[in-house]
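Engineer: fold the following, please.
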Amino acid sequence: MFDLLVTILFFYGVYRLFRYLKAPVQKPRHNIPISGPGHHYNNSTNRLNIEAYTEDDLHGHRCYIDKLTSYEYALVKELSRNLDPNAYYLFNNVTVPCTNTTTSQIDHIVVSRFGIFVIESKDYSGWIFGSKNQKQWTQVFKNGNKFRFQNPILQNFSHVVALKEHLPFLKKSFFNVVVFSEESEFKTELPINVMNGHELVRYIDSKTKTIISEGELLMAIGKLSVLCQTVQVSNEEHVQNLGKKH
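Structural biologist: Next up is the predicted model:
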């Protein structure tokens, strides 16, 4: 019975999203410039303006916007306002069943013909020190206090692996992306896929090669829609699942 429900939801999700898909897909032109009028940046500091967003901006299924932090809301709206909704599909706070930790919680997923962008967002302030292969990075506050945290590139790599289990036909189409709040400042050289929030749209827009077919795109959107509607895991359960790994 459960398998039948999943199948029905899958095809319903594909049908619902197919109506909005235009073919052939060309690289979209953004209607709002990176620092132009109507854009939710503070032009003088090139930072996300979290206060600019209101409840009226929020839309979509609970999977898309439920339980996001204020910074994650701002990041989501920046993406939804600046990426063509007929070419990019946004999922947020997605809990994905996986082999290693039972569940994997992904902050943001952008699905497009130009790749699957798996995004880990960090609402951190202060100086950030780290490197691509270093197991732990360091956050230094103005008062001199330090905090060590897991390398977010490696953390998000596990999210990519979990997502590949559900989208095996797209194994070579994923981008591991880490985004830090504009309140943070990088003090060591980091890979191009680690950035501040105001650079995210530009990074996604830089990927111009079509690597996913229309059929594969529909299948990916349908599968993620099913995961949003059928996977019910609380934050407490997810933390317990993470504990099983260690």
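
Engineer: residue 78 against residue 201, yeah?
Structural biologist: Yes. Between residue 78 and residue 201 there is a contact under CB atoms under 8 Å: 6.4 Å. C-beta coordinates here come from the backbone N, C-alpha and C atoms, glycine included.

Engineer: tell me which element residue 153 falls in.
Structural biologist: In this assignment (DSSP states H and E), residue 153 forms part of helix 152-166.

Engineer: before we move on, back to that, identify the contacts common to residue 78 and residue 201.
Structural biologist: The contact sets of residue 78 and residue 201 do not overlap (CB atoms under 8 Å, 6 or more residues apart in numbering).

Engineer: got the phi/psi numbers for residue 210?
Structural biologist: Per-residue torsions, residue 210: phi -70, psi 120 (degrees, to the nearest 10).

Engineer: in contact with the closest residue to it other than its chain neighbours, which residues?
Structural biologist: Spatial nearest neighbour of residue 210, excluding adjacent residues (CB to CB, 6 or more residues apart in numbering): residue 113 at 4.9 Å. By CB under 8 Å, 6+ apart, residue 113 lies in contact with 25, 87, 210, 211, 212, 213, 214, 217.

Engineer: elements contacting the helix or strand containing residue 222?
Structural biologist: Taking DSSP H and E as the definition, one finds residue 222 inside helix 214-230. Packing partners of helix 214-230 (3 or more CB pairs under 8 Å, 6 or more residues apart in numbering; DSSP states H and E): helix 2-18, helix 62-65, strand 88-98, strand 102-112.

Engineer: which of the ones you listed has the lowest mean pLDDT?
Structural biologist: Mean pLDDT is lowest for helix 2-18 out of the helices and strands packed on helix 214-230, coming in at a mean of 53.

Engineer: using CSV, list the CA coordinates for stretch 112-128.
Structural biologist: C-alpha atoms of stretch 112-128 as CSV (Å, rounded to 0.1, in the frame of the first residue of the first chain):
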residue,chain,number,x,y,z
SER,A,112,18.2,22.6,-13.2
ARG,A,113,19.3,21.4,-16.6
PHE,A,114,22.7,22.8,-15.7
GLY,A,115,23.2,20.6,-12.7
ILE,A,116,21.9,19.8,-9.2
PHE,A,117,23.2,22.3,-6.6
VAL,A,118,23.3,20.9,-3.1
ILE,A,119,23.8,23.9,-0.7
GLU,A,120,24.9,23.9,2.9
SER,A,121,24.3,27.3,4.5
LYS,A,122,26.1,28.6,7.5
ASP,A,123,24.8,31.6,9.4
TYR,A,124,28.2,32.3,11.0
SER,A,125,29.9,35.5,11.9
GLY,A,126,33.6,36.3,12.6
TRP,A,127,36.7,35.1,10.8
ILE,A,128,36.7,31.7,9.2
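
Engineer: just checking, residue 207 touches residue 175?
Structural biologist: Yes. With contact defined as CB under 8 Å, residue 207 counts as touching residue 175 (7.1 Å).
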